[in-house]
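Visitor: coordinates only, sequence not included:
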């Protein structure tokens with residue numbers, strides 16, 4: 001349908017539009033008109049993606065020619081990207097019905113080489129970093145130059161095809177997903193990854209990962225040419241603050257540190273060989289460094305896909321490299337000091353937190369450096385040296401790159417939102433597992449360049465309440481912030497809060513209650529009862545893997561699992577990504593088989609993030625406990641202290657906010673469209689308290705009635721049975 005929205009002709013590919021979709025479009029248009037940022041929450045299953053795409057494409061294509069803008073649509077996972085591209089295909093087909101061949105909408109999806117590479121050998125590597133490194137070994141300028149002189153030197157035929165023919169090609173209007181780029185590359189002999197990268201320049205709509213904007217190492221390579229008028233959308237952005245923090249944090253364990261020492265020795269030998277065989281290369285590098293051109297700029301212009309610096313664009317140094325690290329051998333001596341200081345930290349027997357300033361000052365003292373700022377060049381200096389030595393396999397030096405990132409970021413942000421934490425033991429198992437963390441505490445750092453560069457950035461999700469928390473944590477002003485109720489002809493969501501078990505035991509996952517066998521027994525009783533009465537798929541979430549392990553072990557010892565397996569097939573999500581994916585796939589097969597299935601999973605795990613349990617796969621979700629974070633974590637405590645001091649966010653407020661967004665994300669898996677229906681069970685007494693339930697999204701809270709806030713297991717089951725019966729009858733009609 002086509003309709004007018006406050007003077008804008010909107011092309012929407014369905015016959016009707018929901019009231020909340022119309023409200024969402026109106027608020028989104030206000031933000032675009034004002035040239036400001038927006039925080040928008042829309043109920044799950046009400047067409048948020050197509051609403052965004054329809055409004056923004058109509059908006060940007062209404063201005064033709066030089067005034068045309070881009071939509072940059074960021075997703076967390078490749079699976080979510082493919083869903084967006086599917087919706088774009090529907091919208092594009094509808095627009096072609098109206099405009100015909102005159103429609104100029106070009107949409108491009110981009111992912112890493114791991115998802116786009118078609119080289120027979122490289123594409124079969126398992127790790128993304130190894131694929132990137134193997135690609136570089138076949139496409140680096142010095143490799144290609146050598147191949148001209150020596151035909152035995154292997155290059156990538158697909159990259160050569162792209163360089164010879166693909167660099168001048170432009171795709172016609174349409175929607176191009178990853179599979180189409182791979183097929184396009186196979187048919188023409190062009191590299192799909194580099195061709196897709198090039199098409200970003202011409203596309204009206206770009207769909208790619210958060211990291212292409214938030215991770216400075218990648219953003220400098222892929223997204224630096226986007227102009228200020230591009231409209232940026234971060235979808236499913238309820239955890240965007242965590243993504244920001246992870247993009248600037250660096251972790252080093254014993255394995256990385258040990259391998260970095262080996263890398264340093266290998267690099268030192270390569271320098272000595274270069275001096276003996278071709279000293280001109282190192283001399284030319286030294287002369288380049290002596291010029292006024294910034295090292296980061298030289299690396300970016302190297303033409304060999306050099307990654308960007310690990311710091312934010314405004315913090316990249318644009319000045320001469322210090323004398324102490326200009327010569328390769330002097331630089332390697334400084335890196336040796338860095339490794340020695342890191343090693344000294346790894347030998348501690350207790351947890352330690354220190355400021356980056358203290359850490360950097362020790363390196364400056366031991367390395368006889370003049371200034372702490374000298375260490376800010378470490379990452380760029382390493383990149384320059386690897387290029388100068390014409391290193392093909394960068395994967396060999398990855399541990400050394402991690403160490404260089406650690407010291408570069410620490411030296412750059414001495415007083416600004418970072419801390420260094422050493423933990424000798426695993427927080428959950430107690431095993432000796434030393435890890436040194438350079439922890440970013442301020443999520444606003446990573447997103448600030450995005451907020452400052454682009455006129456309109458939209459942060460949106462189905463579970464992003466309370467809305468005011470995100471502008472506070474990410475330090476930006478929202479021109480528009482809105483949350484919408486779900487408009488329904490029927491009540492398709494049934495949220496229930498179970499506070500007591502059948503024997504009146506108070507249900508809670510509080511730490512002091514975790515050793516109470518009565519709680520575990522009543523949780524097991526609740527699961528058995530719901531498994532018996534709920535048809536098809538039942539998804540269960542626990543606050544953590546440790547708590548799930550304890551409860552499942554209790555159930556195993558007391559016969560609960562055996563009884564459960566008599567009712568439905570049982571699958572368990574583990575921390576291993578491959579095993580988790582297999583468990584979810586088999587869970588779906590179990591539902592399809594008619595037996596029905598139970599999936600035991602964890603908040604913040606794979607099943608809770610981006611996996612849809614629509615239709616019969618998720619007729620009921622049970623959340624056993626409130627998914628609070630592990631509050632004894634030094635990293636979490638440091639972050640909460642930073643938020644309190646700098647953003648006036650109280651610790652309790654942050655913990656509740658984080659727990660409830662995770663809870664909403666878990667139970668929200670049950671509703672994926674308006675024809676769907678399901679039961680949401682919150683099995684913890686604390687969910688009945690105002691400070692928790694008030695943090696639920698409006699579209700869940702609108703269905704949570706007072707009479708369903710304080711239920712025993714049997715009463716909740718009766719309400720759920722009645723609801724499911726009514727829904728199944730309506731579905732049959």
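Guide: Ah, there it is. Please read these numbers as outputs of a predicted model, since none were measured by experiment.
Visitor: Quickly note the distance from residue 76 to residue 84.
Guide: Distance, residue 76 to residue 84, using Cβ to Cβ, to the nearest Å: 11 Å. Using the backbone N, CA and C atoms, a C-beta is placed for each residue, glycine as well.
Visitor: Those two: which is more packed in?
Guide: With other Cβ atoms under 10 Å as the criterion, residue 76 and residue 84 differ in neighbour count, and residue 84 comes out ahead with 25 against 20.
Visitor: okay, that one: pLDDT?
Guide: pLDDT for residue 84: 96.
Visitor: quick one on the thing from earlier: what touches both of residue 76 and residue 84?
Guide: Jointly contacting residue 76 and residue 84 under the rule Cβ atoms under 8 Å, 6 or more residues apart in numbering are residue 235.
Visitor: start to end distance for stretch 183-202?
Guide: Terminal residues of stretch 183-202 lie 20 Å apart, using Cα to Cα, to the nearest Å.
Visitor: any low-confidence regions in the stretch 201-350 of the chain?
Guide: Within the stretch 201-350 of the chain, the stretches with pLDDT under 70 are 292, 300-306.
Visitor: where do the helices sit along it?
Guide: Taking DSSP state H, counting those that start in this stretch, the helices of the stretch 201-350 of the chain run over residues 211-214, 216-222, 240-248, 254-290, 295-300, 328-346.
Visitor: again with the stretch 551-700 of the chain
Guide: 560-567, 577-593, 634-647, 651-667, 690-693, 698-701.
Visitor: looking at the ones you listed, which is closest to residue 408?
Guide: Nearest to residue 408, of all the helices of the stretch 551-700 of the chain, is helix 634-647, at 20.1 Å by Cβ to Cβ.
Visitor: Distance to residue 374 for the helices of the stretch 201-350 of the chain - can I get that in CSV?
Guide: Formatted as CSV, the helices of the stretch 201-350 of the chain follow (distance: least, Cβ to Cβ, whole Å):
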stretch, distance to residue 374
helix 211-214, 28
helix 216-222, 20
helix 240-248, 21
helix 254-290, 13
helix 295-300, 12
helix 328-346, 8
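Visitor: Kindly reformat the ones you listed as CSV containing distance to residue 56 and mean neighbour count.
Guide: CSV is the format used below for these (distance: least, Cβ to Cβ, whole Å; neighbours: other Cβ atoms under 10 Å):
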stretch, distance to residue 56, mean neighbour count
helix 211-214, 16, 22
helix 216-222, 21, 19
helix 240-248, 19, 21
helix 254-290, 42, 15
helix 295-300, 30, 20
helix 328-346, 46, 18
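Visitor: of the ones you listed, which approaches residue 586 most closely?
Guide: Nearest to residue 586 among the helices of the stretch 201-350 of the chain is helix 240-248 (28.7 Å), distances taken as Cβ to Cβ.
Visitor: Now do that closest one: distance to the chain's middle.
Guide: 8 Å (Cα atoms, centre = their mean, to the nearest Å).
Visitor: Please name every helix or strand in contact with it.
Guide: With contacts defined as 3 or more Cβ pairs under 8 Å, 6 or more residues apart in numbering; DSSP states H and E, helix 240-248 has these neighbours: helix 211-214, strand 432-440, helix 444-453, helix 469-474.
Visitor: now the ones you listed as JSON lines including distance to residue 694?
Guide: Below are the helices and strands packed on helix 240-248 laid out as JSON lines (distance: least, Cβ to Cβ, whole Å):
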{"stretch": "helix 211-214", "distance to residue 694": "30"}
{"stretch": "strand 432-440", "distance to residue 694": "30"}
{"stretch": "helix 444-453", "distance to residue 694": "25"}
{"stretch": "helix 469-474", "distance to residue 694": "13"}
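Visitor: Grab the nearest non-local neighbour of residue 379.
Guide: residue 408 (4.1 Å; Cβ to Cβ, 6 or more residues apart in numbering).
Visitor: and that neighbour, how many neighbours?
Guide: Using other Cβ under 10 Å, residue 408 has 25 neighbouring residues.
Visitor: Could I get the average pLDDT for the helix or strand harbouring it?
Guide: Residue 408 belongs to helix 398-412 when assigned by DSSP states H and E. The average pLDDT within helix 398-412 is 94.
Visitor: Tell me what angle it forms with helix 254-290.
Guide: Going by axes from the mean of the first three to the mean of the last three Cα atoms, to 10 degrees, helix 398-412 is angled at 70 degrees with respect to helix 254-290.
Visitor: Pull the distance from helix 398-412 to the chain's centre.
Guide: Distance, stretch centre to chain centre, for helix 398-412: 22 Å (Cα atoms, centre = their mean).
Visitor: now for it, which elements pack on it?
Guide: When contacts are defined as 3+ Cβ pairs under 8 Å, 6+ apart, helix 398-412 packs onto strand 250-253, helix 254-290, helix 328-346, helix 356-366, helix 378-388, strand 418-425, strand 432-440.
Visitor: I'd like the distance from the worst-scoring helix or strand of the chain on mean pLDDT to the chain centre, please.
Guide: Across the helices and strands of the chain, mean confidence by mean pLDDT, DSSP states H and E is lowest for helix 295-300: a mean of 71. Relative to its parent chain, helix 295-300 has a centroid offset of 28 Å by Cα atoms, centre = their mean.
Visitor: what does it rub up against?
Guide: 220, 288-289, 306, 308-309, 316-318, 321, 377, 380-381, 383-384, 387.
Visitor: Quickly note the distance from the residue nearest to residue 379 to residue 354.
Guide: 17 Å.
Visitor: re earlier: output the helices and strands packed on helix 398-412 in CSV; the columns should cover distance to residue 681.
Guide: Formatted as CSV, the helices and strands packed on helix 398-412 follow (distance: least, Cβ to Cβ, whole Å):
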stretch, distance to residue 681
strand 250-253, 36
helix 254-290, 42
helix 328-346, 45
helix 356-366, 45
helix 378-388, 49
strand 418-425, 35
strand 432-440, 35
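Visitor: among the ones you listed, which is nearest residue 597?
Guide: Minimum separation from residue 597 across the helices and strands packed on helix 398-412 (Cβ to Cβ) falls at strand 432-440, 34.2 Å.
Visitor: in its sheet, what does the closest one sit against?
Guide: With DSSP bridges as the test, strand 432-440 is paired with strand 250-253 (antiparallel), strand 418-425 (antiparallel).
Visitor: As a quick check, tell me the outermost residue of this protein.
Guide: residue 276 (46.1 Å; Cα atoms, centre = their mean).
Visitor: thinking again about what came up before, let me know whether the residue nearest to residue 379 touches residue 310 as I believe.
Guide: Yes. The criterion here is Cβ atoms under 8 Å, and residue 408 meets it with residue 310 at 5.7 Å.
Visitor: where does residue 403 sit relative to residue 362, distance-wise?
Guide: When residue 403 is compared with residue 362 (using Cβ to Cβ), they lie 15 Å apart.
Visitor: Neighbour count: those two, which is higher?
Guide: A direct count of neighbours by other Cβ under 10 Å for residue 403 and residue 362 places residue 403 higher, at 26 against 17.
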